[in-house]
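Novice: Pasting a predicted model and its sequence here:
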Amino acid sequence: AQKVTQAQTEISVVEKEDVTLDCVYETRDTTYYLFWYKQPPSGELVFLIRRNSFDEQNEISGRYSWNFQKSTSSFNFTITASQVVDSAVYFCALSERGYGGSQGNLIFGKGTKLSVKP
Amino acid sequence: SAVISQKPSRDICQRGTSLTIQCQVDSQVTMMFWYRQQPGQSLTLIATANQGSEATYESGFVIDKFPISRPNLTFSTLTVSNMSPEDSSIYLCSVGKGQGYYGYTFGSGTRLTVV
């Protein structure tokens, strides 16, 4: 069965610290997609990154970086030099192929609440 | 990519009443997903709505409580029926960006409070 585990419920850091959010997933499918979303207090979901199961390249985007390791079924997210505006709940999510090869739904982890203090 | 207009953005409802949430997409999409996010919790899939067929509900969600309509490829509604305070949540609709891309677009959410 598919599952996404974010073991860290809450993390609190001081501004400019680096922080890594962990994500471990389970799937039996060989083709799958992993996502990170940010949900600020306002409630909307902000897409951060998508990675497919065939692409294990790590990615860096500004202060954000992602480490995808199929061997450990992990897709961790690092924020470098954190800022107060990074305070939000971060969700890791997994999608597999749906019925007949259609696009399946997202399975979300429980989320990690990040608080960045000035 | 698709843009979703979700209404209402928030509502406060009396217990025992029903609320219908609408999602309008600016392009035709096959699958539409409805999620619930209870306070302080993650997003849980309620059902998948395919145009022209009955919605497929996840375990723990039933059609009598959460009837869904999908009259065409750009529109869907979710009704929360006979509401109780436990239904207070954010409800979100989402569509896929198309086969082969596997990205998703989300509506802005409906923040429901049942009193």
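Specialist: Sure thing, it's come through.

Novice: is it true that A:Cys79 touches A:Ile60?
Specialist: In this structure residue A:79 is Ile, not Cys. No. Contact status for A:Ile79 versus A:Ile60: not in contact, 11.4 Å apart, counting by Cβ atoms under 8 Å. Every C-beta, even on glycine, is put in place using the N, C-alpha and C of the backbone.

Novice: Please say which of those two ends up with more neighbours.
Specialist: A:Ile79 (20 against 10; other Cβ atoms under 10 Å in any protein chain shown).

Novice: For that one, give its distance to chain B.
Specialist: To chain B, A:Ile79 is 20 Å away according to Cβ to the nearest Cβ, to the nearest Å.

Novice: residues contacting that residue?
Specialist: Contacts here follow Cβ atoms under 8 Å, 6 or more residues apart in numbering or on different chains; on that basis A:Ile79 touches A:18-21, A:63-64, A:86, A:114.

Novice: so can I have CSV of these showing distance to A:Gln8?
Specialist: Converted to CSV, the contacts of A:Ile79 look like this (distance: Cβ to Cβ, whole Å):
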residue, distance to A:Gln8
A:Asp18, 14
A:Val19, 10
A:Thr20, 9
A:Leu21, 6
A:Arg63, 19
A:Tyr64, 17
A:Asp86, 15
A:Leu114, 9
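
Novice: tell me which of those is nearest to A:Leu34?
Specialist: The shortest gap between A:Leu34 and any of these belongs to A:Leu21, at 12.9 Å (Cβ to Cβ).

Novice: And the closest residue to B:Pro71 other than its chain neighbours, how far from B:Lys7?
Specialist: Leaving aside its sequence neighbours, B:Pro71 sits nearest to B:Gln51 (Cβ to Cβ, 6 or more residues apart in numbering or on different chains; 7.8 Å). Distance from B:Gln51 to B:Lys7, counting by Cβ to Cβ, to the nearest Å: 20 Å.

Novice: With A:Thr27 instead?
Specialist: Relative to B:Lys7, and taking Cβ to Cβ, A:Thr27 is found at 34 Å.

Novice: Over to A:Glu44?
Specialist: According to Cβ to Cβ, A:Glu44 stands 15 Å off from B:Lys7.

Novice: how many other residues sit next to B:Asp64?
Specialist: B:Asp64: 7 surrounding residues under other Cβ under 10 Å.

Novice: what does B:Leu43 give?
Specialist: Counted with other Cβ under 10 Å, residues neighbouring B:Leu43 total 29.

Novice: B:Pro85 too?
Specialist: Counted by other Cβ under 10 Å, the residues lying close to B:Pro85 total 9.

Novice: And the pLDDT for the closest residue to chain B within chain A?
Specialist: Chain A approaches chain B most closely through A:Gln103 (3.7 Å), counting by Cβ to the nearest Cβ. In this model, A:Gln103 is scored at 76, pLDDT.

Novice: Test my guess that it contacts B:Gly96.
Specialist: Yes. Counting by Cβ under 8 Å, B:Gly96 is a contact partner of A:Gln103 at 3.7 Å.

Novice: can you tell me the distance between the two ends of stretch B:52-64?
Specialist: 19 Å (Cα to Cα, to the nearest Å).

Novice: Just the mean pLDDT for that stretch, thanks.
Specialist: For stretch B:52-64, mean pLDDT is 92.
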